[in-house]
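Got a predicted model here, sequence first, then my questions.
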Amino acid sequence: MRAMLATFARTARLMVGLPDYDAYLRHMAAHHPDRPVMDRTQFFRNRQEARYGGKNGGRCC
């Protein structure tokens, strides 16, 4: 039951555009253990800029 709720929560966050920080941490540990890991705030900002564009070239709507 707990796993099903976690899956539902993860799916709901992805549906509204919130990236999965825990999946990022698992990926970094498995594939890039030598690289520094972003904290939650850095990760969120990075994903926001990747999705909507940075200060230059971003979309208004």
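Sure, I can see it.

Now do the phi/psi pair for residue 37.
In terms of degrees, to the nearest 10, the main-chain angles of residue 37 are phi -100, psi 140.

Report the separation between it and residue 12.
24 Å (Cβ to Cβ, to the nearest Å). Any C-beta I mention is one placed from the backbone N, CA and C, and that applies to glycine too.

Of those two, which one has the most company?
residue 37 (14 against 10; other Cβ atoms under 10 Å).

Now do the more buried one against residue 3, distance only.
Counting by Cβ to Cβ, the gap from residue 37 to residue 3 is 25 Å.

cool, residue 15 as well?
On the measure of Cβ to Cβ, residue 15 and residue 3 end up 19 Å apart.

same thing with residue 28?
From residue 28 to residue 3 the distance is 23 Å (Cβ to Cβ).

if you count what's nearby, which of the two comes out ahead?
Ranked by neighbour count (other Cβ under 10 Å), residue 28 and residue 3 place residue 28 first, with 16 against 7.

Which residues does stretch 15-27 contact?
10, 13-14, 37-38, 40, 43-44, 47, 51 (Cβ atoms under 8 Å, 6 or more residues apart in numbering).

buried subset of these?
Neighbour counting over the contacts of stretch 15-27 (16 or more other Cβ atoms under 10 Å) leaves 38, 43, 47 as the buried ones.

okay, who's weakest in those by pLDDT?
Across those, the member with the lowest pLDDT is residue 47, scoring 86.

how close does the spatially most central residue of the chain sit to residue 1?
Computing the C-alpha centroid of the chain and ranking residues by Cα atoms, centre = their mean puts residue 19 first, at 2.9 Å. Applying Cβ to Cβ, the value for residue 19 to residue 1 is 25 Å.
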